Each structure stands twice: as structure tokens, then as C-alpha cells.
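# give me coordinates for this.
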Amino acid sequence: MEQMRAIILNGPGKPEQFVLSEVQIPEASAGEIRVRVQAAGLNPVDYKIAMNGHPNWQYPHVSGVDAAGIVDAVGEGVTQWVVGDRVVYHGDFTKPGGFAEYSVTLAHTAAAIPDGVTFVEAAAFPCAGLTAYQILVRKMHMQLGQSILVHAGAGGVGGYAIQLARLFGASMIIATASAGNADYVRSLGADHVLDYNREDVHARVMELTAGEGVDLILNSVNRATSQKDLSTISFGGQLACIAGAPETVADFQPSTKTFTLHKLMLGGAYGSGRKAEEELAAMAGEFLQLIQEKKIDPLVKKVIALEEIPQGLQLLSERHVQGKIVAKIGEMD
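Down below sits the predicted model:
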């Protein structure tokens with residue numbers, strides 16, 4: 001059996017328990033493609049799920065939901081890809097992932113990497129970029145002239161959301177960040193950056209909007225923050241939560257303010273039917289075009305080696321990383 005280098009877990013654990021090892025190269029089953037991974041993006045979900053593991057995992061387990069590389073083999077029934085194609089995908093976190101030299105994914109969830117976009121750039125965006133894209137484009141249908149509050153503007157989801165909001169013509173972009181990240185977040189397109197450590201974010205939002213609140217809020221922080229967000233939504237506004245929805249939505253001023261609540265988890269597309277899975281590839285294709293046209297910065301701030309992934313995940317867990325960390329695994333870029 002041919003072996004490959006991979007970052008594995010031998011059981012549920014923290015970032016420091018991910019280790020470099022050699023495991024068997026996976027085979028592409030019907031409807032799947034095998035990818036010779038050139039780059040893998042690091043995401044909070046990679047270490048968060050690892051802490052408790054998943055019932056579907058068999059150890060040693062290879063994590064990593066975002067990967068870009070070259071199609072190396074195609075399974076039975078696959079017609080849209082051939083060996084040698086450049087692809088990127090957001091994988092199913094319940095299955096072995098992309099922190100390895102080879103990985104397997106469903107053929108209909110991958111997107112073609114266009115000319116001018118590197119493997120590292122492509123691997124950076126799927127989890128965070130598609131989360132922001134799904135929220136602003138598919139769910140909120142963001143319109144020209146709307147205002148938005150983006151929590152955690154220095155992170156991956158926040159950084160992509162700010163850029164998208166600017167691209168779509170937001171009237172005002174308010175973001176939260178630590179003082180040390182304020183200039184970086186402004187460089188992405190935020191009009192106002194609020195220091196969540198020193199300011200009453202929600203009071204400042206109401207001040208900046210003359211008491212009306214913002215049209216859209218993207219919350220990737222926690223349930224407590226999203227609960228406070230309810231007081232800063234404009235009439236008919238929208239709140240999207242990816243890290244815990246408010247607990248008392250039903251009791252929140254139902255007669256005086258109407259709003260729409262979105263609860264999202266990008267990986268939920270898997271197991272929701274083929275249409276939902278194909279949507280991952282469709283959104284990725286649209287996002288890649290924006291990167292190719294230089295309308296969106298892929299936010300690659302740190303490039304590491306395969307063996308450095310455990311340290312990269314540790315950095316992520318400390319929650320003060322700007323942009324994206326990407327592991328370069330192959331030599332093709």
C-alpha cells in the first residue's frame with residue numbers, strides 16, 4: 001500500500017496533539033475525485049471539532065476542510081473532471097480531509113481554479129469566504145446602500161465580508177476588532193472600527209446610525225454578542241449567526257421591530273442533498289472569479305509547511321490571527 005505524509009489525530013485532542021505521520025493514500029470511489037493536494041487552508045472548525053472528535057471518524061484521522069490541488073484520479077461515473085485539472089473544494093468535515101499529500105472529495109463539490117489564481121490563494125478562501133458569501137449574497141441578498149456591522153473584522157469570515165460589502169456598495173461598514181488590528185480592518189474597507197475591548201459596541205453602532213441601527217449584522221463571535229445585536233438591527237433588518245443564535249428572539253420587541261434571523265453552518269450542506277452540495281461548488285466558482293479579477297483579496301497572511309499545521313492551529317485557537325493561514329504542501333505554485 002502506498003503511503004503519504006499527513007497531519008493526523010490518534011484520538012480527540014487539542015492542536016498540539018495533531019502530529020505528522022505516514023498513512024495510506026486514499027482511493028477515489030464512485031462519484032469522487034482524488035486530489036494531489038498543493039495547499040490546505042486552516043480554519044477554526046479544524047481544531048474545534050477535533051477536541052471531541054466525530055462519531056464518523058476512524059483514527060488515525062486526517063483533518064482539514066479546505067484544500068486545493070491537482071486531480072490525480074477520478075472515480076466511477078465522474079465526467080466533469082480529468083486527471084491534471086486544478087481544483088479547490090470545501091470538504092465534508094465528517095470524513096478524512098486535506099492536511100495530507102492526497103485527499104478525496106465528491107466530484108460535484110469541487111470548483112476549477114482559474115488562471116492567475118495560485119493553489120495557496122485558492123485554498124485560503126472556501127470555509128471563511130463561502131460563509132461570508134453565502135450570508136451576504138445567498139441569504140441576505142445585500143443591496144446597494146445598506147449598512148452592515150461585521151463582528152471580528154480581522155478574521156477570515158469578517159475580512160471577506162467587509163470586502164464583499166464594499167464591493168456591493170454598502171453605505172456604511174462598521175467592524176469590530178482589537179486595537180492592534182484596527183488599521184488592517186480599515187484597509188479591507190471598513191468605515192468604522194470599534195474596539196470591542198474598550199467600547200460599548202452596540203451603543204456606538206446606534207450612535208453612528210443616528211439611532212436607526214444597521215440593516216445587516218454578521219456575527220461570528222458567540223451567542224451573548226448576537227443577543228445584544230438584536231438591539232442594533234434596523235427595522236426590517238437581518239442578523240446572521242454562525243457561532244450561536246440569540247436565545248430570546250421570540251421575546252424581543254415583536255410589535256415594534258421586525259427582522260430576519262439566519263443561522264448558518266457551511267458544512268451543513270453535506271448530508272442536505274446533492275443540490276446543497278453542488279451549491280458549494282457554484283459559490284466557489286463565483287468567488288474564484290472575484291479573486292481572479294482582483295476584486296477580492298484572498299487574505300493569505302501566513303504560509304506554513306505541512307508539518308507546521310499543529311502550530312498554525314494553535315495560533316488560530318488563540319483568536320488573534322489576521323486573515324488566513326495556509327499550508328503549502330506541494331511544489332506546483
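# what is the burial count for R138?
Applying other Cβ atoms under 10 Å, we find 14 other residues in the vicinity of R138. C-beta coordinates here come from the backbone N, C-alpha and C atoms, glycine included.
# which non-adjacent residue is nearest it?
Once flanking residues are discounted, R138 sits nearest to M283: 7.2 Å by Cβ to Cβ, 6 or more residues apart in numbering.
# helices of the stretch 151-300 of the chain, start to end?
For the stretch 151-300 of the chain, the helices defined by DSSP state H, counting those that start in this stretch cover 156-167, 182-188, 201-208, 223-229, 274-292.
# buried ones in the first one?
The neighbour-count check on helix 156-167 (16 or more other Cβ atoms under 10 Å) flags G156, V157, G158, G159, Y160, A161, I162, Q163, L164, A165, R166 as buried.
# related to what we said a few turns ago, winner for burial among the helices of the stretch 151-300 of the chain?
Of all those, helix 156-167 carries the top mean neighbour count, a mean of 26, counting by mean count of other Cβ atoms under 10 Å.
# residues contacting that helix, please?
By Cβ atoms under 8 Å, 6 or more residues apart in numbering, the surrounding residues in contact with helix 156-167 are 43, 124-125, 127-129, 131-133, 135-137, 142, 148, 150-153, 173, 175, 177, 185, 188-190, 218, 220, 242, 290, 295-297, 299, 322-324.
# wait, which of the helices of the stretch 151-300 of the chain is closest to Q80?
Between Q80 and the helices of the stretch 151-300 of the chain, the tightest spacing by Cβ to Cβ is seen for helix 274-292, at 9.5 Å.
# related to what we said a few turns ago, the residue nearest to R138 and Q292, how far apart?
Noted for M283: a distance of 15 Å to Q292, by Cβ to Cβ, to the nearest Å.
# excluding its backbone neighbours, what's nearest G116?
Leaving aside its sequence neighbours, G116 sits nearest to Q292 (Cβ to Cβ, 6+ apart; 5.3 Å).
# tell me the secondary structure at V117.
Under DSSP: H, G, I helix; E, B strand; the rest coil, V117 falls in the coil class.
# next one: phi and psi at it?
Main-chain dihedrals, V117, degrees, to the nearest 10: phi -110, psi 120.
# list the contacts for it?
V117 is in contact with L288, I291, Q292, P298, counting by Cβ under 8 Å, 6+ apart.
# and the furthest pair within those?
Taking Cβ to Cβ, the two most distant members of the contacts of V117 are Q292 and P298; they sit 10.4 Å apart.
# what is the neighbour count of the closest residue in space to A179 that isn't next to it in sequence?
In space, and not counting its chain neighbours, A179 is closest to D195: 5.0 Å by Cβ to Cβ, 6+ apart. Number of residues near D195 (other Cβ under 10 Å) recorded here: 15.
# who does D195 bridge with?
For D195, the beta-bridge partners under DSSP bridges are A177.
# sorry, back to before: want to try a markdown table for the helices of the stretch 151-300 of the chain, with distance to E307 and mean pLDDT as columns?
Listed next are these as a markdown table, based on distance: least, Cβ to Cβ, whole Å; pLDDT from 0 to 100:
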| stretch | distance to E307 | mean pLDDT |
| --- | --- | --- |
| helix 156-167 | 22 | 97 |
| helix 182-188 | 28 | 97 |
| helix 201-208 | 39 | 96 |
| helix 223-229 | 36 | 83 |
| helix 274-292 | 27 | 95 |
